[in-house]
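Trainee: Can you look at this prediction? I've put the sequence above it.
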Amino acid sequence: RLLQGSGVGGLAAMAEQERRSFVKGAYLIWRPMLNLAREDIEAWANTLQLPYIQDPMNDDIHYDRVWCRKQLWPLLKQRFHKMQQGICRSAVLMQDADEILKEVLESDVKACVTAKHQLDLNALNQISQARQRQLLSIWMQGEQHYRPPLAMIERLKKEVIYAKEDATSQLHFGQYYFVRFAEHLYRFSESEWHNFRQNPPSQTFIPMLDQSYTLTLGQINIVAVHQDEIGLANSLLGQQLHLVPRQGGERVHLLGRVGHRPLKKLLQDAKIAPWERHQTQILMYHNDIIGVLTTQGFWLVEQPFLEKGGWLPRILI
C-alpha cells in the first residue's frame, strides 16, 4: 500500500535518482519499508510481479542475525504479539532522541571548542557529565574513522584534564596526542607533536625592509616602526643575523623591564605552552643577543643596537 501509487515506473525513477546521487558523491540511504514485515513485502512484490531475490545466507543460522530471525524472533512473537509495532515505535523515538542529541552536541561544540584543535575546559565543566562524554568523544575522534572507546575518554579526563596544573601529562590515541595547558585541552597530530618536541635548527638571514622570510616559527616581515618607537638599529639592515635555538640557562634583559631574568621564566610568565617554548629562537648579531622570537611575537632586549624609528621583525599570523 505504501508504494502502489508510484508503480514500477515510479520505483525505477527513484532508483535512478538514488543512483545519480551516489555518482555525485551525495549518496542517501533510502529505506522506506523498515516498518513492514517480510511477509508483507513478499506479498507486495508478488502483487506487482517484481522478482524477489533471496540471499542464501539468510537461511544460514550460523550467523547471529539469521539465528535471531529464524529462531528467537518467532518465539518472542508468540509471547509478545505486538512486538513488531513496539520495536518500530521505539526505533522512531530513538531516532528522535538521536536528532535531539545531535542538536545538543552541536551547541556544546560551539560553546567549548574555541579553535580547531583547542577545547575550553571552563566551558566544558559547565555541562553535565553525559554531555561531556559525548563532546569529548566526537572531539577526540577528529579526522579518524571511529570514536574512542569509553575507557579512553575516562583516561583523558583522569590523566590529562584532571591532572595537576604543573603536570606534563599527555595521552596518545590513534593518530593524535592530547595535552593540557592552563584551562585548555589541545589535540595535535603525531607529526605536529613530534615537531613541537624538537628544537629548531640554527638559521641565518639578512634583513631588508618590507621583505618576508620563512623561519621556523613561520613567515616574518621586516617593518619600520614609528619614528617615536624603539626598534632595532637601521645599521643592522643588510647585515647577516643569526637565529639560534634555546640551549637552556639563557638570561635576557627585556626592553622596559628591570634586570636580567631567565628566559625560561619569562616564557612561563607569558603563558606560552611548554611545547611552544621549544620553538623559541634567539636573534643574535655576532655575540650580542638583540631579541627573542616566540610564538607570541618578537621580544626586544636591552642592547647597543636600539634606536627610535628603527625596524622590527613581525610574525605573520
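Mentor: Yes, it's here.

Trainee: for residue 251, what are its contacts?
Mentor: The neighbours of residue 251, taking Cβ atoms under 8 Å, 6 or more residues apart in numbering as the test, are 260-263. (C-beta placed from N, C-alpha, C; glycine too.)

Trainee: Can you pull the poorly scored residue ranges out of this structure?
Mentor: 1-27, 165-168, 317 (pLDDT under 70).

Trainee: Can you list the residue ranges for helices in the stretch 1-150 of the chain?
Mentor: Listed in chain order, the helices of the stretch 1-150 of the chain (DSSP state H, counting those that start in this stretch) span 7-23, 38-47, 64-67, 73-79, 83-112, 121-124, 129-141, 150-156.

Trainee: Deepest-packed of those, please.
Mentor: Of all these, helix 129-141 has the most neighbours on average by mean count of other Cβ atoms under 10 Å, namely a mean of 17.

Trainee: Now do that one against helix 83-112, angle only.
Mentor: 70 degrees (axes from the mean of the first three to the mean of the last three Cα atoms, to 10 degrees).

Trainee: name the helices or strands packed onto helix 129-141?
Mentor: On a contact count with 3 or more Cβ pairs under 8 Å, 6 or more residues apart in numbering; DSSP states H and E, helix 129-141 meets helix 83-112, helix 121-124, helix 150-156.

Trainee: that older thread, ok, and the most crowded of the contacts of residue 251?
Mentor: When neighbours are counted by other Cβ atoms under 10 Å, residue 263 leads these with 24 neighbours.

Trainee: leaving aside the residues next to it on the chain, what's closest to that one?
Mentor: In space, and not counting its chain neighbours, residue 263 is closest to residue 250: 4.3 Å by Cβ to Cβ, 6 or more residues apart in numbering.

Trainee: about what we covered before: out of the helices of the stretch 1-150 of the chain, which comes closest to residue 190?
Mentor: helix 129-141 (14.3 Å; Cβ to Cβ).

Trainee: phi, psi of residue 215?
Mentor: Residue 215 adopts backbone torsions of phi -120, psi 180, taken as degrees, to the nearest 10.

Trainee: residues near it, how many?
Mentor: Neighbours of residue 215 (other Cβ under 10 Å): 17.

Trainee: Could you pull up the contacting residues of the residue nearest to residue 233 when sequence neighbours are not counted?
Mentor: Nearest residue to residue 233, sequence neighbours excluded (Cβ to Cβ, 6+ apart): residue 305, at 4.3 Å. Taking Cβ under 8 Å, 6+ apart, we find residue 305 in contact with 232-233, 235-236, 285, 288, 290.

Trainee: swap the cut-off to 7 Å and go again
Mentor: Contact partners of residue 305, counting by Cβ atoms under 7 Å, 6 or more residues apart in numbering, are 232-233, 236, 285, 290.

Trainee: Most neighbours of all those, which one?
Mentor: Neighbour counts for these, by other Cβ under 10 Å, peak at residue 232, which reaches 25 neighbours.

Trainee: ok, that residue touching residue 285?
Mentor: No - applying Cβ atoms under 7 Å, one finds residue 232 not in contact with residue 285, separated by 8.8 Å.

Trainee: Thanks a lot, see you next time.
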